[in-house]
Structures are given as C-alpha cells and as structure tokens.
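Enquirer: What follows is a predicted structure for the sequence shown.
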Amino acid sequence: MGILDKLTIALVGTLPHDAKQMRSWIERNGGKYSAKITKSVTHLIASKEAYKQPADAVQQATDLGIHVVSYDWFDDSLQGKRKLSAKKYTWAVLTKERRKKKELKRLGTLADGSRFRKGCEKIKELTGSGTSKKSAVVKPRKSKSFFFSTSTLVVPPTPFVSAKEALLRRRAERESAPIETIDDFTSLANRSPSSSVSNPKPVCSSLKKVPQAKISHWKEDYHYYQDVTGFEYKIVLVRGGESSMANYHIGLLESHTKPHVYWTLVQYKPAKAPPVNDDGSHQHVQHPEATRLLSLVTKPTPVPELPYNGELCPRNSDFATASRSFRHAFRDLTLLSWEERFDTNKTLQKARAQHLNIEPFWYGKPKMGMPMGMLPQAMGLLTGEVSGLEVRGDIDDGYIRGASNLPSISAPLTTYGIIGGSIHHDAEELRKHEVARMQKIKDREEVERRSRGQPRGMGVNHNRPMFNGAMGRPTVDAYGQRINYGSNGDYTKYTVPMPRLEDELQQKEKELRTEKVRNVLIESTPEIGKKDWNSKKELAVLVFKKIKTRFYKFEG
C-alpha cells in the first residue's frame, strides 16, 4: 500500500513543481490524479494566489466539501512516509492563524507602548522630578522564594526625601528657631501663677509625606553558589512531627559582581502554628523603631514554636566565613558534618541522636543524575565515628554546637520522627529477635527433656482455670493457698496445713510391710508361685496366719 492510497488529488495554481512531475509522484505513491474537479476528488492542492482570487476550481472544491490544502501537506506526507491529516494544512486554517498572529503583533505593540508610558510615569513619581506634587507610597516587593524578601533584618523601610524637600525643611527650621526661643522666654517671664496649662505648639503643615524607598531583594545582588560539580548550595532539612513537618532552608549566596563576596541565610518553618492564649489576650507589639535599635546591638533569641528568618554570617563575607557558617548550621541541625551527609543507613545519625536523645533534621540525597556536591573521598576530608560525637578537625574548624543560635535544634526523640522512628523500629526488631531466640532455646530444651523420658514442664497455672468457672470464683490460687472472699469484695488467703512427717513414715512402713509379707509367703510355700498369688488369696491368708510369728522375727 502506498502513502497516498485511496486518495484522488487535483492541482490548481502555480506550485513548486509542474503538474507532470507531481502527477508521477502521486501515482507512484498509490494515489490517483484528476485533471478536473469531480465528486471523487478528495484533496485539491492549491497555491496561495489561487486560493485568494479565488479560482473556479477552488470554488467548486469548496462547494463539494473537498480539502483545499497547500503544497506543504503533499511534501510533508512524502517526506514523513505517511499520510498526514489535512486539517491543519487547509488554507482556511492557515489564513485564520495568519490573521491571529497579525492581531497579536498589533496588540503587543500597543501593550508595549502603554507599559513603557506607565513605567515612565512611575519613575517620575519615585524620583520626585517633574511637576508631580504628590508621590505615591511604593510597597516593597514580596518574595516568593524560601528566604525572606528583604536584605536587612527587622529594619523598617526608610522614607525617600528629595534634596529639594530636605533644603526647604532645613530652611524652615532655621527661620522658626529664634521665634520659638523668644516666645518661650516671654511666656516664662509673663506667665501668671493661675495659668498652669500651656498651649501646644502649632505643627508646621508645610512638610509633606514622602514616599518610602524601595528595599532591594537579595536576588538583585546575589545568587546561589555552585561548586565545580554544579551542585547548588540550597538545601532543605526536614523533621517529622506528630501532624506535620518542620523544615529548615539554608542557602549559601554568591554576589553577581567580582570579586565575589558571600552571604549565608536560613529560614525555619515550625511544624505547628504558635498556640493562641486561652484568655484571648495578645502579646505586646514593640515599636518598630525600638525593634530596629535593639537589633543593632543584640541578636533576638529565636523561639522554637515561631518561624525564624536570619543570617548565619554578615553580609559581604569571604567564602571561608560563609562556608563555615553553612557547615556548622548543617551539623547543628543534622548532627552530621557536611562531609558525612551521605550517611549509609543513617548509622552515624542514629547513634548520635540516641546518645544525645535529640531528634535531628534529615537531609535528602539529590535525585539520581543530579549534582551531589564534592564527595569526601574525592578530597580526603575527615569524618567521625559511631562511638563518639567528635569529628577529626573540629578544633581547626572552630565548631561549637549551638553557636549558630538556631531554634529547635534540641527537640527530644519521638516515635513519629524520621530518626526516632527508625531507632524505635530497630529496637523493636531487636526485641523480637531476642524473644524468638529465647523461644528456640526453650523448645530445644523441651525436646531434649522428652528424649530423656522426662515429663513435659508445666507452667504454674497449667491446671487452673484462666477465668472464673461455672462454679464461681476459684477457692485456691496458683500456689495452693486457700482464698476466702468477703462480702464487701475483699478476700483473704490462708495456707492449708501440710501432712505431718510421722504420718508419711507410717504410710511408707505399711507399704514396706506388705511387700515383705508377700516375699515371705512365696519363700515358705514353694508350691504357691507368683502366678498363683492372685488366684489363691484365701490360701495365702491361711498361710499368713501360720507364719505370723516367723514374720515378726524376720522383721526384727
């Protein structure tokens, strides 16, 4: 079967090839060529000019519902060696798409011009130039990244003041200063004792509100640092919670400009939102200016139940300082050094977490094929051991646990945590293995006991009912003590006296005497054998009476 099997194709207009050549291609690929437009024609290959006029053949094909396609359909079908759908090659669809592109191009030009004019007006308002007398307040842009959107921590935006407005303000202050001094002096000299309340000073209304300056985002100056392997130093650490996950985002940033400077940021999201006070009271909100001044001299103490955004090293630090703060924060949160991040089966992490009773954060290995960073064995970096918490090189690196002052680094181990759950699972598996081992030992001892002919060892309560039987509560416990139940639910236990030693001796003596009598009867009467003993009990009694005296002598 050919590519154009069961198709009848007609041609109209000026095409890339003449009709004779195209006819041979059509027939060679299983199709039929038609010089006229009839009902049997399935496709009409028309040129762009023939469709625009339109030609008579195009009009007839449209009336008969024949596909009026471009030459591209014929060429693509032969090149692809399969019959393509003619829908997207019809001139009606192609004309519609061309008109749509022209309309989008025209609207795009208008939109670009409108956007440019709006941008010019916005810049004019922000810079305070031109004839604009009122500037709009521009809010800082909100960041959609993992980290906080401002480059300065807990610092409110600073209002923008143009040079002209600052000059007018200083001139007004100089002019009003001597007048205020004279007024104060005269008011103090001429003030009467009765006038104790002074009128407030009028506030100068000439000063206008100035717009706030836009605070730059850290992405305008920095990007995430990448090592020689292509690994991006932007990691996420998670810790399992009872209902949700707590996570840490740590990033090592590198400046766009050279020479490069570095910065390390951290963000913490707790597992649960902070609880609301039962009495409905709200915590006191500190003034922003006081918060800013305090942040300059003291570092705020993080709260484990609240989100935390902060920096691990000062801005514009060198690579050694930023990298050290990054690695120290990673170790505080995971109990692993950065070189131990690919801990096989979490062996080191579980041992250290169990030693400190701390639920650490977990670092996920990158997906297969993604950069993993420089490996320890590639550079001969040192790691620690399971037996201790120390890592060779801590003294040179200057690591001190908790120096980064990050929140929620000492949460206790829990069964629903990633590491705590794994430790609990391992302990449970070890317990089950020990129980199974002890059971095997007991079964082996039981088999050996039975092979020696000894009876099976019974438990303490093997012959006692597990619960109260049909006759009511048991009257004897597992140790043979009698139980006496009171009317109010209380009970007392007492022990049944054991049989006396004299009674046991008498019973054994009686059994021994019977055995001796039997032996004496057999010896004194040879005619009576062992087999006739049971059948001749009466004779045995008579013989016993005769040798009674002899038996007692024998016994003595």
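Expert: Yep, it's here.
Enquirer: Residue 340 contacts residue 348, doesn't it?
Expert: Yes - the criterion here is Cβ atoms under 8 Å, and residue 340 meets it with residue 348 at 5.8 Å. The way it works is simple: take the backbone N, C-alpha and C, and place the C-beta from them, glycine included.
Enquirer: what residues are up against residue 32?
Expert: By Cβ atoms under 8 Å, 6 or more residues apart in numbering, the contact set of residue 32 is 7-9, 26.
Enquirer: out of the residues you listed, who's nearest residue 50?
Expert: Taking Cβ to Cβ as the measure, residue 50 sits nearest to residue 9 out of the contacts of residue 32, at 14.8 Å.
Enquirer: so what strands line up beside the helix or strand harbouring the closest one?
Expert: Following DSSP states H and E, one finds residue 9 within strand 8-12. Its sheet considered, strand 8-12 pairs with strand 32-33 (parallel), strand 43-46 (parallel) by DSSP bridges.
Enquirer: need the strands for this structure, in chain order.
Expert: Ranges of strands in the chain, per DSSP state E, are 8-12, 32-33, 43-46, 67-69, 222-224, 234-240, 245-255, 262-269, 308-311, 362-363, 481-485, 491-495.
Enquirer: So which of these has the densest surroundings on average?
Expert: With neighbours taken as mean count of other Cβ atoms under 10 Å, the strands of the chain reach their highest mean count in strand 43-46, at a mean of 26.
Enquirer: residues in contact with it?
Expert: So strand 43-46 is contacted by 7-13, 15, 22, 37, 55, 57-58, 61, 66-71, 73-74, 86, 91 (Cβ under 8 Å, 6+ apart).
Enquirer: Do I have it right that residue 309 meets residue 250?
Expert: No - between residue 309 and residue 250 there is no contact under Cβ under 8 Å: 11.8 Å.
Enquirer: Common neighbours of those two, please.
Expert: 265-266.
Enquirer: List the residues that contact residue 330.
Expert: 235, 237, 250, 336-338, 341, 363.
Enquirer: and which of those is nearest residue 505?
Expert: Taking Cβ to Cβ as the measure, residue 505 sits nearest to residue 336 out of the contacts of residue 330, at 77.3 Å.
Enquirer: Enumerate every residue touching the closest one.
Expert: Counting by Cβ under 8 Å, 6+ apart, residue 336 has contacts 330, 343, 348-349, 352, 360, 363.
Enquirer: Lowest pLDDT pick from the residues you listed?
Expert: The lowest pLDDT within the contacts of residue 336 belongs to residue 343, with 79.
Enquirer: Run a quick neighbour tally on the residue lying closest to that residue once chain neighbours are set aside.
Expert: Nearest-residue entry for residue 343: residue 349, 5.4 Å, with adjacent residues in sequence omitted and distances by Cβ to Cβ, 6 or more residues apart in numbering. Look at residue 349: counted by other Cβ atoms under 10 Å, it has 24 neighbours.
Enquirer: so residue 349 touches residue 360, yeah?
Expert: Yes - with contact defined as Cβ under 8 Å, residue 349 counts as touching residue 360 (6.1 Å).
Enquirer: what's the overlap in contacts for those two?
Expert: Common neighbours of residue 349 and residue 360 (Cβ under 8 Å, 6+ apart) are 334-336, 419.
Enquirer: re earlier: export the strands paired with strand 8-12 as JSON lines, with columns for mean pLDDT.
Expert: What follows is the strands paired with strand 8-12, written out as JSON lines (pLDDT from 0 to 100):
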{"stretch": "strand 32-33", "mean pLDDT": "88"}
{"stretch": "strand 43-46", "mean pLDDT": "90"}
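Enquirer: Those strands: which one's closest to residue 320?
Expert: Closest of those to residue 320 is strand 43-46, at 71.6 Å (criterion: Cβ to Cβ).
Enquirer: Tell me the confidence at the nearest residue to residue 237 once chain neighbours are set aside?
Expert: Using Cβ to Cβ, 6+ apart and skipping the chain neighbours, the partner closest in space to residue 237 is residue 361 (3.8 Å). What the model reports as pLDDT for residue 361 is 91.
Enquirer: beta partners of the nearest residue to residue 341 once chain neighbours are set aside?
Expert: Sequence neighbours aside, residue 363 is the residue nearest to residue 341 in space, at 5.5 Å (criterion: Cβ to Cβ, 6+ apart). When bridges are called by DSSP bridges, residue 363 pairs up with residue 237.
Enquirer: I'd assumed residue 237 was in contact with residue 363.
Expert: Yes - contact criterion Cβ under 8 Å: residue 363 and residue 237 qualify, at 5.6 Å.
Enquirer: Mark out where each domain of this protein begins and ends.
Expert: 8-89, 221-274+289-414, 458-492, 501-555 (automatic domain parsing).
Enquirer: and the longest helix for this protein?
Expert: The residue-count maximum for a helix in the chain (DSSP state H) belongs to helix 91-127.
Enquirer: counting contacts, what elements does it pack onto?
Expert: If contacts are counted by 3 or more Cβ pairs under 8 Å, 6 or more residues apart in numbering; DSSP states H and E, helix 91-127 sits against helix 48-52, strand 67-69.
Enquirer: And the contacts of the first one?
Expert: Contacts to helix 48-52, defined as Cβ under 8 Å, 6+ apart, come from residues 12-14, 57-58, 68, 70, 91, 95.
Enquirer: Reformat the residues you listed as a markdown table; add distance to residue 409.
Expert: Listed next are the contacts of helix 48-52 as a markdown table, based on distance: Cβ to Cβ, whole Å:
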| residue | distance to residue 409 |
| --- | --- |
| 12 | 80 |
| 13 | 78 |
| 14 | 79 |
| 57 | 82 |
| 58 | 78 |
| 68 | 73 |
| 70 | 69 |
| 91 | 70 |
| 95 | 67 |
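Enquirer: tell me the contacts of residue 362?
Expert: Neighbouring residues of residue 362 by Cβ under 8 Å, 6+ apart: 237-240, 334, 349, 418-419.
Enquirer: and which of those residues is nearest residue 107?
Expert: residue 238 (46.4 Å).
Enquirer: so what's that closest one up against?
Expert: Contacts here follow Cβ under 8 Å, 6+ apart; on that basis residue 238 touches 245-248, 361-362, 364, 418.
Enquirer: ok, 6 Å please
Expert: Contacts for residue 238 (Cβ atoms under 6 Å, 6 or more residues apart in numbering) come out as 245, 247, 362.
Enquirer: now do residue 74
Expert: residue 45.
Enquirer: redo that, cut-off 8 Å
Expert: Neighbours of residue 74 in contact, by Cβ under 8 Å, 6+ apart: 9, 22, 45.
Enquirer: That'll do, ta.
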